[in-house]
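Chemist: sequence unknown, structure follows:
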């Protein structure tokens, strides 16, 4: 993930969504890594999320990366990354996808599942998937 592309995406939509970026601290990232290892999150997914959290430590003002609530649905196969209004952002561990869904659905279908965090954010922020 290239943080300059995420920054450009956030800059493009910051007025619509009041977006700002606050990097995670080294201690927060260490806590996130520990939680990932404790919950058995695959290393490649952990690394992708660490790269994102190094740039921005939340999804729409929701959890910071060291918040254990991210792992609340881990036993069901996903990480709860954040929420915006009725839209829920998850990482689907078995599929290795980033998804937009709601409280009852991991995703609204394959059209709402993305290979990267950047693709998921682009779809949401642009309004293509809402």
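Modeler: On my side now, so go ahead. It should be emphasised that the depicted structure is a prediction, and the values quoted were computed from it without experimental measurement.

Chemist: assign a three-state SS to the nearest residue to residue 79 once chain neighbours are set aside, would you?
Modeler: Nearest non-adjacent residue to residue 79, counting by C-beta to C-beta, 6 or more residues apart in numbering: residue 91, 4.2 Å away. Quick note: C-beta positions are derived from backbone N, CA and C, even for glycine. Three-state assignment for residue 91 (DSSP: H, G, I helix; E, B strand; the rest coil): strand.

Chemist: repeat for residue 100
Modeler: Quick answer, by three-state DSSP: residue 100 is strand.

Chemist: how about it, nearest residue that isn't a chain neighbour?
Modeler: Excluding the flanking residues, the one nearest residue 100 by C-beta to C-beta, 6+ apart is residue 112, at 4.5 Å.

Chemist: is the residue nearest in space to the middle of the chain in a helix, a strand, or coil?
Modeler: In the chain, the centroid-proximal residue (C-alpha atoms, centre = their mean) is residue 81; its distance is 4.3 Å. Classification of residue 81 by three-state DSSP places it in strand.

Chemist: what's opposite the nearest residue to it once chain neighbours are set aside in the beta bridge?
Modeler: Among residues not flanking residue 81 along the chain, residue 89 sits closest, at 4.4 Å (C-beta to C-beta, 6+ apart). Counting by DSSP bridges, residue 89 forms beta bridges with residue 82, residue 100.

Chemist: by contact count, what packs against the lowest-mean-pLDDT helix or strand in the chain?
Modeler: Ranked by mean pLDDT, DSSP states H and E, the weakest helix or strand in the chain is helix 3-17, scoring a mean of 78. Helices and strands touching helix 3-17, as assessed by 3 or more C-beta pairs under 8 Å, 6 or more residues apart in numbering; DSSP states H and E, comprise helix 43-55, helix 117-126.
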